[in-house]
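> next comes the sequence, and after it the predicted model I'd like to discuss.
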Amino acid sequence: DAFTLDGREVWTGEDGGRIRHRDGTTGDWTFQTVPDVVKDTIRRIHFIDPTHGWAVSAGGHVLKTIDGGANWTVLFQQMNPFDESKPEDLWDIVFLNDSEGWTLGLHGIWHTNSVGESAEDWVPARIELPAGVEWADVELYSLDIAKHATAPTVPNFLGLACGEPGLILRATGPLDFE
């Protein structure tokens, strides 16, 4: 993954739990400080401003930085909703502000509106699968949530999630996807 706010400063998620940063002024790349417990691929990085960012890993780790990525903290490890003895394979994370965010893993979508610093802060979304599609056949890979002007008949955000087998789910509320 690669993430940028301005097209010059860049963060990349890499295998081995590494996050690399490109300085927007000098163009120099440096590795960021990630806790040793994260040894799997960093799948997605998302910043809401130059200092506050989050990342997720293939091993279910949800990480946060408050110093522009120089140092990352593991908030918690999301477990697989179908086998709680195994970590969830997380693929995406999106925050609208410093407290409201979503994570997406192969087997679910979770939402927080209270900073999300522990697993208890995240609530699983209700996902209505199309007729004939079983959870055993589903793998989710991508999530996007965006703000839009509030209207009386729609939520104050737009959301889409994509995965196999050919799924495109839309958010009808913060915790509802169909």
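Arrived safely, thanks for sending. Predicted model, so just to flag it, every value in this text is computed and none were measured. Residues are numbered from 1 along each chain as shown.

> give me the low-pLDDT residue ranges for this protein?
Of all residues in the chain, those with pLDDT under 70 make up the ranges 148-157.

> apart from its chain neighbours, what residue comes closest to Pro35?
Val74 (5.1 Å; C-beta to C-beta, 6 or more residues apart in numbering). Heads up, the C-betas are built off the backbone N, CA and C, glycines and all.

> ok, and what's touching the host helix or strand of the one you found?
Following DSSP states H and E, the helix or strand that holds Val74 is strand 73-77. Applying C-beta atoms under 8 Å, 6 or more residues apart in numbering, the contact partners of strand 73-77 are 35, 37-38, 59-65, 87, 116-119.

> quick one: name whatever helix or strand follows it.
Sequence order places strand 79-80 as the next helix or strand after strand 73-77, per DSSP H and E.

> show me what that following strand is packed against.
Based on contacts counted as 3 or more C-beta pairs under 8 Å, 6 or more residues apart in numbering; DSSP states H and E, the elements that strand 79-80 packs against are strand 83-87.

> list the buried residues in the strand it packs on.
Pro87 (16 or more other C-beta atoms under 10 Å).

> what angle do strand 73-77 and that strand make with each other?
Strand 83-87 and strand 73-77 are oriented at 150 degrees to each other (axes from the mean of the first three to the mean of the last three C-alpha atoms, to 10 degrees).

> give me the sheet partners of strand 83-87 and which way each runs.
In the sheet, strand 83-87 lines up against strand 79-80 (antiparallel) (DSSP bridges).

> please compute how far the strand it pairs with lies from its chain's middle.
Between the centre of strand 79-80 and the centre of its chain there are 15 Å (C-alpha atoms, centre = their mean, to the nearest Å).

> okay, now the residue nearest to Pro35: neighbour count?
Taking other C-beta atoms under 10 Å as the criterion, the count of residues near Val74 is 17.

> then the strand holding Val74 to CSV, C-alphas only?
Once non-C-alpha atoms are left out, strand 73-77 reads as follows in CSV (Å, rounded to 0.1, in the frame of the first residue of the first chain):
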residue,chain,number,x,y,z
THR,A,73,1.5,1.7,18.4
VAL,A,74,-0.4,-1.5,18.2
LEU,A,75,-3.9,-0.8,19.5
PHE,A,76,-5.2,-4.4,19.4
GLN,A,77,-5.3,-7.5,17.3
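
> with that, I have no additional questions.
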